[in-house]
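Novice: okay, here's the prediction I keep looking at, along with the sequence it came from:
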Amino acid sequence: MDFTLIEKTDVANICYKLLKANFYRNYFVIIAQDRRDFYCGSIYASKQEALELFRELAESKTDIYCVSDILRDFQRQKV
């Protein structure tokens, strides 16, 4: 699968990345990692929604273990 990096930021020793899946319309991947942990999850959203969620995660310094729950809740709201 092919991805395009949309945005990357480092906050409080955690690296957050937002990528867009090139073969699937409106699918985005959010990655959060530090020296000890890693999370990678996907969401179905508009680019604006994905950017807002990504920036909220990074600005609030969301712990890696919480990102999966937040992405799951985000998807449930979309249904």
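Specialist: Yep, it's here.

Novice: for this structure, what spans make up the helices?
Specialist: For the chain, the helices defined by DSSP state H occupy 47-59, 64-78.

Novice: ranking the ones you listed by burial, who's on top?
Specialist: Among these, judged by mean count of other CB atoms under 10 Å, the one packed with the most neighbours on average is helix 47-59 (a mean of 16). In short, each C-beta sits where N, CA and C put it, glycine included.

Novice: from the chain's centre, how far out does stretch 69-76 sit?
Specialist: 11 Å (CA atoms, centre = their mean, to the nearest Å).

Novice: just want the most central residue of the chain.
Specialist: The chain has I30 as the residue nearest its centroid, 2.3 Å off, counting by CA atoms, centre = their mean.

Novice: that one and D10, how far apart?
Specialist: According to CB to CB, to the nearest Å, I30 and D10 sit 15 Å apart.

Novice: and for D73?
Specialist: D73 is 25 Å from D10, by CB to CB.

Novice: what is the burial count for L19?
Specialist: Residues near L19, counting by other CB atoms under 10 Å, number 22.

Novice: would you confirm that it contacts C40?
Specialist: No. Using CB atoms under 8 Å, L19 is not in contact with C40; the gap is 9.3 Å.

Novice: give the residues shared as contacts by these two.
Specialist: V29, I30, I31 (CB atoms under 8 Å, 6 or more residues apart in numbering).

Novice: just the pLDDT for the second one.
Specialist: I30 is assigned a predicted lDDT (pLDDT) of 97.

Novice: what does the one 4 residues further on give?
Specialist: At D34 the predicted local distance difference test score is 93.

Novice: and it, how many neighbours?
Specialist: Applying other CB under 10 Å, I find that D34 has 13 neighbouring residues.

Novice: check contacts around it.
Specialist: By CB under 8 Å, 6+ apart, the neighbours of D34 are N13, I14, C15, I64.

Novice: cool, and L71?
Specialist: Counting by CB under 8 Å, 6+ apart, L71 has contacts I30, G41, S42, I43, L53.

Novice: farthest pair in these?
Specialist: S42 and L53 (12.0 Å; CB to CB).

Novice: next one: the closest residue in space to R35 that isn't next to it in sequence from A32, what distance?
Specialist: Residue nearest to R35 in three dimensions, not counting chain neighbours: N13, with 7.3 Å by CB to CB, 6 or more residues apart in numbering. Noted for N13: a distance of 11 Å to A32, by CB to CB.
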